[in-house]
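Student: When you get a sec, could you give me coordinates for this:
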Amino acid sequence: MLAESVSEVSDATFEQEVLRSEQPVLVDFWAAWCGPCRALAPIVAEVANQYNGKLKVFKMDVDSNSATPMRYGIRGIPALLLFKDGKVAEQIVGYVPKDTIDKSISRHV
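Tutor: Down below sits the predicted model:
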């Protein structure tokens, strides 16, 4: 279940939604079968609410979208990529506490 401030992004919408965004964008690469991904989801939703208006947050299902994860070398999930001005500014792989995510985001918003 997605939080109000977290949207789905796909291979088809990635360039428009993420790379052309005026705001920094956090993309959560995940899959339904991934336990750590499900554990991280509420933290990602919390971050989305906390930075609402300053940061866009999207989730990408790696099982439904293979081109984008391949393009960015996503080998393990969950993986969070923070994009700024169309480029990867930060990358966090695996389940991490919220303060780790906050520190990465705060350097760019």
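Student: mind listing the strands for the protein?
Tutor: 6-8, 25-30, 56-61, 79-84, 87-93 (DSSP state E).
Student: Can I get those strands in JSON lines including mean pLDDT?
Tutor: What follows is the strands of the chain, written out as JSON lines (pLDDT from 0 to 100):
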{"stretch": "strand 6-8", "mean pLDDT": "95"}
{"stretch": "strand 25-30", "mean pLDDT": "98"}
{"stretch": "strand 56-61", "mean pLDDT": "98"}
{"stretch": "strand 79-84", "mean pLDDT": "98"}
{"stretch": "strand 87-93", "mean pLDDT": "97"}
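Student: Tabulate these (a markdown table), appending distance to Arg71 and mean neighbour count.
Tutor: Just so you know, the C-beta spots here come from the backbone N, C-alpha and C atoms, and that holds for glycine as well. Converted to a markdown table, these look like this (distance: least, CB to CB, whole Å; neighbours: other CB atoms under 10 Å):
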| stretch | distance to Arg71 | mean neighbour count |
| --- | --- | --- |
| strand 6-8 | 18 | 15 |
| strand 25-30 | 11 | 24 |
| strand 56-61 | 11 | 23 |
| strand 79-84 | 11 | 22 |
| strand 87-93 | 10 | 14 |
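Student: I'd like those as JSON lines, with distance to Lys103 appended.
Tutor: Shown next, in JSON lines, are the strands of the chain (distance: least, CB to CB, whole Å):
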{"stretch": "strand 6-8", "distance to Lys103": "20"}
{"stretch": "strand 25-30", "distance to Lys103": "13"}
{"stretch": "strand 56-61", "distance to Lys103": "16"}
{"stretch": "strand 79-84", "distance to Lys103": "11"}
{"stretch": "strand 87-93", "distance to Lys103": "9"}
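Student: Of the ones you listed, give the one that comes closest to Ala45.
Tutor: With CB to CB as the measure, strand 6-8 is the member of these nearest Ala45 (5.6 Å).
Student: Read off the pLDDT value for the nearest residue to Ser64 once chain neighbours are set aside.
Tutor: Residue nearest to Ser64 in three dimensions, not counting chain neighbours: Ser10, with 7.0 Å by CB to CB, 6 or more residues apart in numbering. Ser10 carries a pLDDT value of 98.
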